[in-house]
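Below are the sequence and a predicted model; questions follow.
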Amino acid sequence: MCFRDFGVLFKVFSTNTFISPSQLAPQIELKVNVETNPPRITWSIDADLGIEAFQIIVWDKPDSEEIIPVGSVTSLELTDLAKCIEYTVQVMAVKEGLPLLEICSAPVSFTILEGVYTPKLTVENTAPDEVHASWTEPTSCQASDYIYKLSVTHAGSEPRTITKLFPTTDLESPTHLRLLAMNASHLTLSWIESAVWDICGTVKHVVTVVPLDGDPPTIVTVDGTSATVSVNECSWYEIYVHMETADSMFRSARSNGIVLQSPLRPYGVPDFEIVNLNPGIQKISWNGGVEWTSECVRKYDVTISPVKSLGKEFKFTMLSGDPGAITGELLPCTEYQYTVSSGSESKTKILKTLPSSFLPTDVTAVINSPNALKVNWGAPRCVESIGDVHYSVTIRPSNEGSETMKQEVAKDSLTQGAVEFQVKPCTAYLVYMEADTMGLKDRSKLIMVKDGNIEKPKVTVTNIEPGVQKVSWTDPIAAPECRHLFEVQQTNVFTGGQVTITVSATERIFVELTHCTNYEYTVRVVGEHVSGQKSDPVRLVTISPKPETPTLIEVTVEGPTSVKLTWSTPIPHDHCSHTGYIVTAQAANDPSIRATTDLQYKTLTVKTCTSYLVAVQAQYSDGSLSEKSQFRAVTTPAYEYVVLSLKPRTINSYRLRIIGLPGNVVGPYSVATSKRTTGKGIFGTHLT
């Protein structure tokens, strides 16, 4: 990091730890040669850094710096510099046209002296054994910077040299000044003493600490080659050392200085605040009462995490003095915990994000009396996180010329809200709620509310013929100016199928209905400005047509008193079903015989030696009867005979003849009839 003077300094330390000297080591080595005219500077840099361009900064006082781009050269003559003025020079790396603040040399100070001074010597005898020598003093800027050597030669002896030391800064200065340790209140330095001072006897080392903010310097005198000096936290200093004799008559030039910034003392986490900006967006900022020390930068680790859900976690670093940090992509209506930490100390705060919409939920409206419209709603999501939001309810009549009405809603009414408006009968209204936050308005969906304070129609349903029903109802609205229609809904109870029609009359005939089917009907008043309730449902089953005529399949005489009929039946109509069959047998001179059955066969008990006409009818559940089947004639026999003790599984042949006719005449035999006996154990058969 480059160290500069006069307030144009760059922050190096932002933690409260000790800084080792290696952390202050410059990356460019700079040398100044003032023996040449003009002075020449040379520098070198580690080739691994890849730097190919440099710039030179020269200054002698604040705000007087001169910047000299030099390209890729590594030496430069400094021209047009005044004599007897202390200059400071620094080399800085340049890359892509921009200076690299982190790669530069340490500042080096130097002074250009005037020409060589030759004193004029005067010798005077002041006593028999004493000679007084004197010489002229220089008048240039380095007048006090000389060491004078006087040579005295006695006749016949070797010359003797006397060295006279005057106050001078040309004596060798301490070297290798370096920082050993540093904290927010003290710096510890060390240096190496020049061996030339051994001839001076007792010497002292003077450490000068110059605050770069303009405060008076601090001077500390020590005997050894290290010192600890007091500093203020987060302040920039230039520090150098020189040596003096015990009587301060002679002193060295000052050492090369080092420029550094003291660190902060251990600091805690300041108070901070969190605010909601928009749904899913929050801002963290330092509390308005926080004051920062000088220009030192403090770093704070910030972690934002949802309290309950498994949402995304956010981490970043905030600096002291930052105006704040805005975080987006947060989940709406979610509590987030902010943890701000520095070292082992941390502070936390929790704030729930705003909902995606400020509008209340489940907004409903109904005209619940002839002159009152009531609006209800549910609380907005996470209402507790909503700040300065204004709510209102607006109703707008559909009739031209009518006045729009608006009512403000108090925030404490949001959780159990309801407002009422006085309205006109037979009028429709558009209703909506509005949320206004910071001038941005959000409007709920429009709700069309019609006059629903209307009596239910009374419905009557009748069957006209199979598959045809008539529905009629009363009109609950007497006012002719309130135009309205009727919505009739027919529901097939068996299938759930529905048909809805709108008519102006008070009756409707439905045709081509399914036979034997239960239909339900409701009627309600509808219109541009009205919306009545459904009537009570009325159900009626359609009447059935006549069943199809059965077909007699077989008529069997089973004995002198028994006749069996068997028939087939066509498929019933739609949902109709056969609930029974009626069998009749009509004799010429006897009453008819009538019997019912739910089977498709029936055995009738009849008289012997009697002729009958037999037929069958089908019957539906509603009592509808089909036409009678074709009549079949049948005659029952007069006698029967049982033959016993027959062998099983044997075919027997039978013939019959009449004997004992009048005149004792024997009649002929009938045609033979064969019959096989059944299984073992049956030993007889009927013969009729």
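Looks like it arrived, so ask away.

element containing the residue nearest to S226 when sequence neighbours are not counted?
Of all residues not flanking S226 in the chain, S190 sits nearest, at 4.2 Å (C-beta to C-beta, 6 or more residues apart in numbering). Yep, even glycine has a C-beta here, placed from its N, CA and C like the rest. Per DSSP states H and E: S190 is located in strand 186-192.

What helices and strands are in contact with that strand?
When contacts are defined as 3 or more C-beta pairs under 8 Å, 6 or more residues apart in numbering; DSSP states H and E, strand 186-192 packs onto strand 175-182, strand 203-211, strand 226-230, strand 236-245.

returning to what we had before: tell me what the residue nearest to S226 is bridged to.
Note on S190: beta-bridge partners by DSSP bridges are R178, S226.

Going forward, count from 405.
OK, 405 is where the count begins now, so the last one is S594.

Distance check, it against D940.
106 Å (C-beta to C-beta, to the nearest Å).

Tell me which of those two has more neighbours.
S594 (17 against 11; other C-beta atoms under 10 Å).

Show the contacting residues for the more buried one.
Residues in contact with S594 (C-beta atoms under 8 Å, 6 or more residues apart in numbering) are 580-582, 584, 629-630.

Could I get those in TSV, plus columns for distance to N441 and pLDDT?
Listed next are the contacts of S594 as TSV, based on distance: C-beta to C-beta, whole Å; pLDDT from 0 to 100:
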residue	distance to N441	pLDDT
H580	29	91
L581	29	92
R582	33	92
L584	39	93
T629	35	92
S630	38	94
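
Please spell out the ChimeraX selection for the buried subset of those residues.
Only the buried entries of these go into this ChimeraX selection, using 16 or more other C-beta atoms under 10 Å:
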select :581,629
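
Redo the contacts of S594 as CSV? Include distance to T866.
As requested, those are exported to CSV (distance: C-beta to C-beta, whole Å):
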residue, distance to T866
H580, 122
L581, 119
R582, 116
L584, 114
T629, 125
S630, 121
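
Which single one of the contacts of S594 is nearest to I460?
L581 (23.4 Å; C-beta to C-beta).

right, and the closest one touches N660 too?
Yes. Between L581 and N660 there is a contact at 6.4 Å, judged by C-beta atoms under 8 Å.

still on that earlier bit, out of the helices and strands packed on strand 590-596, which is closest to H982?
Of the helices and strands packed on strand 590-596, nearest to H982 by C-beta to C-beta is strand 579-586, at 111.6 Å.

Can you pull the domain assignment for the chain?
Listed by automatic domain parsing, the domain ranges of the chain are 425-515, 525-569, 579-665, 676-756, 765-853, 863-945, 955-1039, 1044-1092.

Least confident of those, on average?
Least confidently modelled of the domains of the chain is domain 525-569, at a mean of 68 by mean pLDDT.

three-state assignment of T906?
Using DSSP: H, G, I helix; E, B strand; the rest coil, the structure places T906 in strand.

Report the contact partners of it.
By C-beta under 8 Å, 6+ apart, the neighbours of T906 are 889-892, 930.

That one bridge partners, please.
E891.

Relative to G931, how far out is it?
10 Å.

what sits in contact with each of these two?
In contact with both T906 and G931: L889, using C-beta under 8 Å, 6+ apart.

so K828 touches E807, yeah?
No. K828 is beyond contact range of E807, at 10.3 Å (criterion: C-beta under 8 Å).

Look at the two and report which has more neighbours.
Legend: neighbour count by other C-beta under 10 Å for K828 and E807, higher for K828 (15 against 7).

part of a helix, is the more buried one?
No. Read with three-state DSSP, K828 is coil and lies in no helix.

Which residues are in contact with it?
So K828 contacts 775, 801, 803, 806 (C-beta under 8 Å, 6+ apart).

now the first one: how far from C830?
N775 is 11 Å from C830, where distance means C-beta to C-beta.

before we move on, what about the third one?
In this structure, N803 lies at 9 Å from C830, with C-beta to C-beta as the measure.

Quick check: neighbours shared by these two?
Joint contacts of N803 and C830 (C-beta under 8 Å, 6+ apart) are H933.

So if I had to pick from the two, which one is more boxed in?
More crowded of N803 and C830, by other C-beta under 10 Å: C830, with 21 against 12.

Can you tell me the closest non-neighbouring residue to that one?
C830 sits nearest to C886 (C-beta to C-beta, 6+ apart), 3.9 Å away.

Wasn't that neighbour part of a strand?
No. Note on C886: no strand contains this position according to three-state DSSP, which reports coil.

contacting residues around it?
By C-beta under 8 Å, 6+ apart, the neighbours of C886 are 829-830, 931, 933-934.

Now the buried members of these.
Buried members of these, scored by 16+ other C-beta under 10 Å, are 830, 931, 933-934.

Pretty sure L504 sits against G454.
No. Taking contacts as C-beta under 8 Å, L504 lies outside contact range of G454: 10.8 Å.

Give me the more crowded residue out of the two.
L504 (18 against 9).

still on that earlier bit, so which bits of the strand holding S594 are buried?
591, 593-595.

Then stretch 483-490?
Going by 16+ other C-beta under 10 Å, stretch 483-490 has these buried residues: L485.

what about H977, which SS state?
Assignment for H977 (three-state DSSP): coil.
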